[in-house]
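Asks: Fold the following and give me the result.
(one chain, ligands or ions: 1)
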Amino acid sequence: MTKSFVDLKSENILKEECKISEKDVHTPNIARLKTDLLCRGIRVSASEPYYRELVPAKYGTGGKSRAGIAGSGRNFLLEHGEPANLGVRQSFLESSPYEFRIIEGEGWILREGEKVLRATVRTPAWHSTAWYDQVQLHGNGSLATALTNTCVYKSRPGAGCKFCIIDIGGEVVRHPPEALARAIREIETRSELRLAVDLVKKYGTPRPDQSAPSETIEPVDININSGSEPDGGTGLFAEAVAAIRKVSNLPIGIQVCPPGKPELERLRSAGVTEISFNLEVYHEDYRRKVIPGKNRDHPREKYFRAMAEAREIFGENQVESWIIIGLEPAEETVAGMEAIARSGGIPLPKPFRPLLGSDFADQPLPRLEDAVTVYRAWREIIRKYKLDPLATRAGCGRCNGCFPLREVLEYGI
Ligand code: SF4
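Replies: All right, here's what the predicted structure looks like:
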């Protein structure tokens, strides 16, 4: 019988330095394997009956693709219990060695045709209702939403972030605070909306069981994202959070451009738990090239000042910052992570994903070895600055679907 990661872990034969190679098929280093999956995505054969459940005909419109590069993947649940947001419909997938298949009743991630890791996909019932327009499940228990699918930088020629597809689909969507709060209250209070269909249980039997709800999703946090407002402010976030706070006690994470201290205090008073200012790239030359509009309005020193102020207001380990691997030399990403940590934020390094429809759709994929270099440095930086990513109560780092951070902390890479 094929041994998977969990079998091997219990036999204590995982090796920290093992590479993604033929040997790795049977001795996976889980952090490295997840990193490679995040870099290269996963294929699903169009002949499989579950193909369309995993590979949408088009990206989610109306804000469901969110800002940045994360909202466009499929959320897999890996056998060690962590989620992975993997690319499933980009052109680079043709060269991915990874494939998802259900084989004899078990969901498998295959590498070059060999089983490496069990996985499944869980879809909550509310994804088939109107509430899905407002709130989507991310990871194992994040209620994620984008307040708008517009961004001031996308509306200015040449100013938008090159990797981002927030405005895909053409329609303009804004979620009023009351509508969002209502969606979250319904999802939290009506357990039938949180019943999840497990893809492997549904298709893993000879005859698909279309109704096979298996378990209930337990919400852990709320993750709010948006495009940038014309005034660069955070008023929409404050209104949305205040409305949600009236109906929910879940920790709330938000992702914003760096505001001043009074706005940070207003967000805290409204009920924000965790805050993320996404640096994206560090070196000035690459910032000008990759995030031209945002960089003009928000130079990197503004990010670091906001992180330091936010740490005072939101507390230790409640400030984060995405930084993208593969859009600048790895040593610049490492320098950026150190600058984030020095300012009191937890860096969230994420492998770049070239999204169809973005300006960077044809950019090369990040190299695994660069990503490994970054994640090794990340672990050292976390220790050096005495940060504790496991203490973050809301937001992308807590979810862990876009990064291998918990795996790097637990197993090394
Ligand atoms: S600021 Fe950049 S990443 Fe954020 S929504 Fe606008 S274009 Fe996208």
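
Asks: for residue 270, what are its contacts?
Replies: Counting by Cβ atoms under 8 Å, 6 or more residues apart in numbering, residue 270 touches 237-239, 241-242, 245. The way it works is simple: take the backbone N, C-alpha and C, and place the C-beta from them, glycine included.

Asks: Can you pull the phi/psi pair for it?
Replies: For residue 270, the backbone dihedrals (degrees, to the nearest 10) come out as phi -70, psi -20.

Asks: Check what pLDDT it gets.
Replies: Residue 270 carries a pLDDT value of 98.

Asks: how far away is it from residue 128?
Replies: Distance, residue 270 to residue 128, using Cβ to Cβ, to the nearest Å: 31 Å.

Asks: Point out the residues in the stretch 201-350 of the chain that sit beside the ligand.
Replies: Residues of the stretch 201-350 of the chain lying close to the ligand by Cβ under 6 Å from any ligand atom are 227-228, 291, 294.

Asks: center of this protein - which residue?
Replies: Centroid-nearest residue in the chain, with Cα atoms, centre = their mean: residue 402, separated by 3.6 Å.

Asks: Over to it. Which of the three states is it?
Replies: coil (DSSP: H, G, I helix; E, B strand; the rest coil).

Asks: That one: what's it in contact with?
Replies: The neighbours of residue 402, taking Cβ under 8 Å, 6+ apart as the test, are 38, 70, 85, 348, 350, 396.

Asks: Got phi/psi on it?
Replies: Main-chain torsions, residue 402, degrees, to the nearest 10: phi -100, psi 0.

Asks: I'd like the numbering to begin with 767 instead of 1 from here.
Replies: New numbering, starting at 767: the last item is residue 1168.

Asks: Among the contacts of residue 1168, show me the least confident.
Replies: For the contacts of residue 1168, the pLDDT minimum is residue 836, 65.

Asks: Now for residue 824: which residues touch it?
Replies: residue 935.

Asks: how far away is it from residue 860?
Replies: Using Cβ to Cβ, residue 824 is found at 18 Å from residue 860.

Asks: Skipping adjacent residues, who's closest to residue 958 in space?
Replies: Closest residue in space to residue 958, ignoring its immediate chain neighbours: residue 891 at 6.3 Å, by Cβ to Cβ, 6 or more residues apart in numbering.

Asks: make that residue 966, sorry
Replies: Spatial nearest neighbour of residue 966, excluding adjacent residues (Cβ to Cβ, 6+ apart): residue 873 at 3.9 Å.

Asks: Now that neighbour: which helix or strand?
Replies: Following DSSP states H and E, one finds residue 873 within strand 872-877.

Asks: quick one on the thing from earlier: among the contacts of residue 1168, who's most crowded?
Replies: Within those, residue 1162 tops the neighbour count with 30 neighbours, counted by other Cβ atoms under 10 Å.

Asks: That one against residue 1113, yeah?
Replies: No - at 11.4 Å, residue 1162 and residue 1113 do not qualify as touching, with contact defined as Cβ atoms under 8 Å.

Asks: Return every residue with contacts to both of those two.
Replies: Common contact partners of residue 1162 and residue 1113 (Cβ under 8 Å, 6+ apart): residue 1086.

Asks: how many other residues sit next to residue 955?
Replies: Residue 955 sits with 11 neighbouring residues when counted by other Cβ under 10 Å.

Asks: Show me how to select, in PyMOL, the buried members of the contacts of residue 1036.
Replies: Buried residues within the contacts of residue 1036, by 16 or more other Cβ atoms under 10 Å, are selected in PyMOL with:
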select buried, resi 1003+1004+1005+1007+1008+1011
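
Asks: Output the contacts of residue 1036 as CSV; include the columns secondary structure, distance to residue 820 and pLDDT.
Replies: Output for the contacts of residue 1036, formatted as CSV (DSSP: H, G, I helix; E, B strand; the rest coil; distance: Cβ to Cβ, whole Å; pLDDT from 0 to 100):
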residue, secondary structure, distance to residue 820, pLDDT
1003, helix, 32, 96
1004, helix, 37, 97
1005, helix, 36, 97
1007, helix, 33, 98
1008, helix, 37, 98
1011, helix, 35, 98
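
Asks: The ligand: which of the contacts of residue 1036 is nearest?
Replies: residue 1003 (13.2 Å; Cβ to the nearest ligand atom).

Asks: which ones are touching that closest one?
Replies: If you count contacts by Cβ under 8 Å, 6+ apart, residue 1003 has them with 913, 990, 992, 1020, 1022, 1033, 1036, 1038.

Asks: Lovely, talk soon.
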